[in-house]
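Q: take this sequence and fold it.
(one chain, ligands or ions: 2)
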Amino acid sequence: MNAFDKIIGYSSIKRELMQISDTLKNRSAYEKLGVTAPRGLLLYGEPGVGKSLMASAVIEDSGLNTFTLRKDQPNGDFIKEIKAVFKKAAENAPAIVYLDDMDKFANEDEQHPDAEGYVTVQSCIDEAKDRAVFVLATANRLRCLPGSLLRAGRIGRKIKVNPPSGRDAEEIVAHYIKNKKFVGDVDVKAIAHLMDKRSCADLEMVINEAGLYAGYEKADRITMDHLIAAYMHTVMNVSAICSNLGTDLSVADENYRQVVYHEAGHAVISEVLCPDSVTFINVHNNGSGFGGSTDYFNDNSTTYLYWEKSRIIGALGGIAAIEQKFGALDVGGGCDLDIAFRNTKYLVTNDCVCGFHLHAGDCNDSDRLQSEQEQIVSCEVERYYRKAKEILSLNSEFLEKLAAALAKKTLLSATDVKKIREQCKIVSVAI
Ligand SMILES: Nc1ncnc2c1ncn2[C@@H]1O[C@H](COP(=O)(O)OP(=O)(O)OP(=O)(O)O)[C@@H](O)[C@H]1O
Ligand SMILES: [Mg+2]
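A: Numbering: from 1, shown residues only. Ligands and ions are numbered 1, 2, ... in the order given. This is a model prediction of the structure:
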């Protein structure tokens, strides 16, 4: 097994790391070409995306002596430790100095690029210039680090590690469920969609947590429901998901019915306009009242403009469903309206969907332009709202079936939603 095999997915980053490791292992071959190997590499990105895992693969693959620095002591002692570690690395060269979480080296004032920790690292790198000392660093925030430290000749190479998405997320999910007892037809793609752009650490934790839920229930297999419940609990912080809220719509409390139809409204519009885009729908009681959420995944099968418009119409779907079903204004739809207005404003003033004259340029922000933009944005939101109502009334069978299933189960996975959609006659609408 290769040291890089423990990194699942991320094939292009892996390739780059392998090349860097090769320059460390075969220095002389590069020297014969008259070139110098890179002197340092920074892996940066959000917490839990695998930076330390990737750094450890480079260390293992290169087989070099490695001296690690993490800030775990007061500043004065830490500065001495930085110097001592670089000295030891130079004496044992070729070697790697591994600076894990380098942006914490200045945590007494994290925005300060001249913090003593960084200045010391920089001068130590310069002192070790003639020795085969490679600096491997990880950090969450690139902007906190001084540019001089990251220039060519110091930590000159930078790789951004993004949270996994698409195939990378699918491969990581498949890897984490491999040794767990999931139901036979577990949908790796659906899990990856649900967790799109969440960190690897989140993926690992949610999949494990789903197993714990199955264990509490004394079930012998982990299901998608356990997984979504674990996701809601650990990532979305909704803990009442496993309560026995579910009931028939006909006997449900009025507030509960409204929340159910609101969420079903969002989901129906999303599924009619972009089939298979809903990753889950849920209703819950968080102690202070009923709430719900519907989440989506963009598989990029539609154009940017179509997806953005469908998101706006979908955001208005909750309010539209309440008006259609109860003939009342949905007073809980403020956040949805914010999304609809914000996104419509972006389409109007940035993408110029209603004409270039509404473009918000650097030197074109007159009061007259702003008021014209505002008027057009509200007209557009009105138009999208009418679309939302049209879609719901043409697809009322889907709305009713989805609402009934949601009321009973409280949590519907992408697979549940798809099954219900396929039982209904779907009427598409141009937007
Ligand atoms: N590509 C991957 N394949 C499989 N597991 C991964 C991958 N990336 C990360 N993990 C797992 O996710 C967890 C977090 O990874 P890691 O500690 O490397 O993240 P990090 O980016 O260094 O986070 P932090 O910024 O908090 O230090 C670990 O358990 C690790 O094994
Ligand atoms: Mg780390």
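Q: list, one by one, the residues from this structure near ligand 1.
A: Within the chain, the residues that sit near ligand 1 (CB under 6 Å from any ligand atom) are 7-10, 47-53, 101, 138, 140, 172, 175, 200-201, 204. No exception for glycine: its C-beta is placed from N, CA and C like everyone else's.
Q: quick one: the helices in the stretch 1-150 of the chain?
A: Here the stretch 1-150 of the chain has its helices, by DSSP state H, counting those that start in this stretch, at 11-25, 27-32, 51-62, 75-91, 116-127.
Q: among those helices, show me which one is buried the most.
A: For the helices of the stretch 1-150 of the chain, the stretch with the most neighbours on average is helix 51-62, a mean of 20; neighbours defined as mean count of other CB atoms under 10 Å.
Q: that helix - contacts with which helices or strands?
A: Using 3 or more CB pairs under 8 Å, 6 or more residues apart in numbering; DSSP states H and E, the elements in contact with helix 51-62 are helix 11-25, strand 40-44, strand 95-99, strand 133-139.
Q: what ranges does this protein have for its strands?
A: In chain order, the chain shows strands spanning 40-44, 65-69, 95-99, 133-139, 157-160, 278-285, 290-296, 411-413, with DSSP state E as the criterion.
Q: the longest helix in this protein is where?
A: Counting residues, the longest helix found in the chain (DSSP state H) is helix 367-394.
Q: next one: that helix to chain centre, how far?
A: Its chain's C-alpha centre and that of helix 367-394 lie 30 Å apart, by CA atoms, centre = their mean, to the nearest Å.
Q: in that helix, what's buried?
A: When burial is assessed from 16 or more other CB atoms under 10 Å, helix 367-394 yields the following buried residues: 369, 373, 376-377, 380-381, 384-385, 387-389, 391-392, 394.
Q: redo those as JSON lines? Include pLDDT and distance to residue 353.
A: Formatted as JSON lines, these follow (pLDDT from 0 to 100; distance: CB to CB, whole Å):
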{"residue": "369", "pLDDT": "84", "distance to residue 353": "16"}
{"residue": "373", "pLDDT": "89", "distance to residue 353": "12"}
{"residue": "376", "pLDDT": "94", "distance to residue 353": "9"}
{"residue": "377", "pLDDT": "96", "distance to residue 353": "11"}
{"residue": "380", "pLDDT": "96", "distance to residue 353": "8"}
{"residue": "381", "pLDDT": "97", "distance to residue 353": "13"}
{"residue": "384", "pLDDT": "97", "distance to residue 353": "11"}
{"residue": "385", "pLDDT": "97", "distance to residue 353": "16"}
{"residue": "387", "pLDDT": "97", "distance to residue 353": "14"}
{"residue": "388", "pLDDT": "98", "distance to residue 353": "18"}
{"residue": "389", "pLDDT": "97", "distance to residue 353": "21"}
{"residue": "391", "pLDDT": "98", "distance to residue 353": "19"}
{"residue": "392", "pLDDT": "98", "distance to residue 353": "23"}
{"residue": "394", "pLDDT": "98", "distance to residue 353": "24"}
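Q: so which of the helices and strands packed on helix 51-62 is nearest residue 157?
A: In this view, those are compared for proximity to residue 157 by CB to CB, and strand 40-44 is the closest at 4.4 Å.
Q: export the closest one to PDB, keeping only CA atoms.
A: The C-alpha atoms that make up strand 40-44 are tabulated as PDB, following Å, rounded to 0.1, in the frame of the first residue of the first chain:
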ATOM      1  CA  GLY A  40       8.200  24.600   1.200                       C
ATOM      2  CA  LEU A  41       4.600  23.700   0.700                       C
ATOM      3  CA  LEU A  42       1.500  25.100   2.500                       C
ATOM      4  CA  LEU A  43      -1.800  23.100   2.500                       C
ATOM      5  CA  TYR A  44      -4.600  25.400   3.400                       C
END
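Q: now render the strands of the chain as CSV, adding mean neighbour count and mean pLDDT.
A: Supplementary listing: those in CSV, determined by neighbours: other CB atoms under 10 Å; pLDDT from 0 to 100:
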stretch, mean neighbour count, mean pLDDT
strand 40-44, 24, 97
strand 65-69, 18, 95
strand 95-99, 24, 96
strand 133-139, 25, 96
strand 157-160, 15, 96
strand 278-285, 24, 89
strand 290-296, 20, 87
strand 411-413, 23, 88
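Q: among the helices of the stretch 1-150 of the chain, which is nearest residue 160?
A: Between residue 160 and the helices of the stretch 1-150 of the chain, the tightest spacing by CB to CB is seen for helix 11-25, at 8.9 Å.
Q: output the closest one as CSV, restricted to C-alpha atoms.
A: C-alpha atoms of helix 11-25 as CSV (Å, rounded to 0.1, in the frame of the first residue of the first chain):
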residue,chain,number,x,y,z
SER,A,11,-6.7,12.9,-7.3
SER,A,12,-5.2,16.1,-8.7
ILE,A,13,-3.9,17.2,-5.2
LYS,A,14,-2.6,13.7,-4.7
ARG,A,15,-0.7,13.9,-8.0
GLU,A,16,0.9,17.2,-7.0
LEU,A,17,1.9,15.8,-3.6
MET,A,18,3.5,12.7,-5.2
GLN,A,19,5.5,15.0,-7.4
ILE,A,20,6.7,17.1,-4.5
SER,A,21,7.5,13.9,-2.5
ASP,A,22,9.5,12.7,-5.5
THR,A,23,11.6,15.8,-5.5
LEU,A,24,12.4,15.2,-1.8
LYS,A,25,13.3,11.5,-2.3
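Q: report the rounded mean pLDDT for it.
A: Mean pLDDT, computed over helix 11-25, is 95.
Q: any stretches of the stretch 51-200 of the chain with poor pLDDT?
A: For the stretch 51-200 of the chain, residues meeting the criterion pLDDT under 70 lie at 75, 107-114.
Q: now with 90, please.
A: In the predicted model, the stretch 51-200 of the chain carries pLDDT under 90 at residues 71-80, 93, 103-119, 128-130, 141-146, 153, 166, 179, 181-191, 193-197.
Q: would you pull up the residue in the stretch 151-300 of the chain closest to ligand 1?
A: When distances are taken as CB to the nearest ligand atom, the stretch 151-300 of the chain reaches nearest to ligand 1 at residue 200, 3.3 Å away.
Q: let me see the contact set for the nearest residue to that residue once chain neighbours are set aside.
A: Closest residue to residue 200 in three dimensions, ignoring its sequence neighbours and counting by CB to CB, 6 or more residues apart in numbering: residue 50, at 5.0 Å. Under the criterion of CB atoms under 8 Å, 6 or more residues apart in numbering, the contact partners of residue 50 comprise 7, 10, 161, 200.
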